[in-house]
Structures are given as C-alpha cells and as structure tokens.
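# Here's my sequence, what's the structure:
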Amino acid sequence: MDEQTLPIRFIGEQIEVTYQQEQIRIKNPGCPDVFTWRSKEYTITRVINQWTDFSRRGNMQRNMSEAHHAHAERKGSWGVGKIFFRVEVDTHQVFDIYFDRAPQSVSDREGNWFLLQECLSNSEETKI
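Residues are numbered from 1 along each chain as shown. This next block holds a predicted model:
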C-alpha cells in the first residue's frame, strides 16, 4: 500500500542517476539506486510508488489516430511521457523523481532525470 505524502517543496531540477546494474531499456528505465543533486549523493533505500504519464499534448496529441492514441496513452511512444518514482533515501527524506523520455536535442536523445519535489510522509507528520 502506498503511504500518503504531502509535497513540502517544489524543486524541479535535473539530476544525475546511477544504477548498480546496467539498464537494458534506456527509454523505460527502472528506479535508479543513487541520484546526485547539487553535488550531494542520495542512496535510494525504498521505492514507495511508481507511476507513468504517457499523455500527449498539443500538436503531438493531434498527429495520431484515436486507436493509436489510446495505445500510446497506456504504453507510451518514443520520446513521449514521464516515468515517476516516489522514493525514500538514506537521509530518510522522501522525494518524487522522474525520467522525462523527451529528447532534448539531436545529440541528446536518451531523455533526462529530474528531481520534482520533496515530500513529507505520514510517519514524519506524526513527529511534528
């Protein structure tokens, strides 16, 4: 069961991630083992939840037939969507991180990782 969390601060910054095992599906990666944010390394100790958003917006939504659009919403299509993870790290903080599948440029087609926000978990709420 997913524990309830409350966002306590928006971050919205790019991060670097590290895996103990090589990722086979670059555009559909699993949760990393470590991320680095502002030169500090955070080891992920627990994945609390995972979800995806493969919705298309704007012109990308209009350039696809309805049948293909429904499939893409469920499974994703190349370069579209985000994969989110709510994680607890070795400092006992809870963060939402995500992988943005959109290529940034022709030379950077793999996508990028971002730290979305820090959250306050229920267990921390009871301490306050």
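# give the contact list for Gly23.
For the record, residue 23 is Gln, not Gly. The contact partners of Gln23, by C-beta atoms under 8 Å, 6 or more residues apart in numbering, come to 29-30. All C-beta spots, glycine's among them, are computed from the backbone N, C-alpha and C.
# Check which helix or strand it maps to.
Using DSSP states H and E, Gln23 sits within no helix or strand.
# Tell me the bridge partners for Gln117.
Phe10, Asp96 (DSSP bridges).
# got the contact list for it?
7-12, 95-96.
# Check Arg86 too.
Contacts of Arg86 by C-beta under 8 Å, 6+ apart are 2, 5, 47-50, 94-96, 119.
# Let me know how buried Thr52 is, in neighbour terms.
If you count neighbours by other C-beta atoms under 10 Å, Thr52 ends up with 17.
# Next: Arg25.
7.
# And it, how far from Pro103?
16 Å (C-beta to C-beta, to the nearest Å).
# can you check Gln20 too?
Counting by C-beta to C-beta, the gap from Gln20 to Pro103 is 26 Å.
# ok, back up a step: got a ChimeraX select line for the buried ones in the contacts of Arg86?
Burial among the contacts of Arg86 is assessed by 16 or more other C-beta atoms under 10 Å; the matching ChimeraX selection reads:
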select :5,48,94,95,96,119
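# Quick check: which of the contacts of Arg86 has the minimum pLDDT.
On pLDDT alone, Asp2 ranks lowest of the contacts of Arg86, at 52.
# can you pull out the strands in this protein?
In the chain, the segments counted as strands under DSSP state E are 5-18, 34-37, 40-53, 82-89, 94-100, 112-121.
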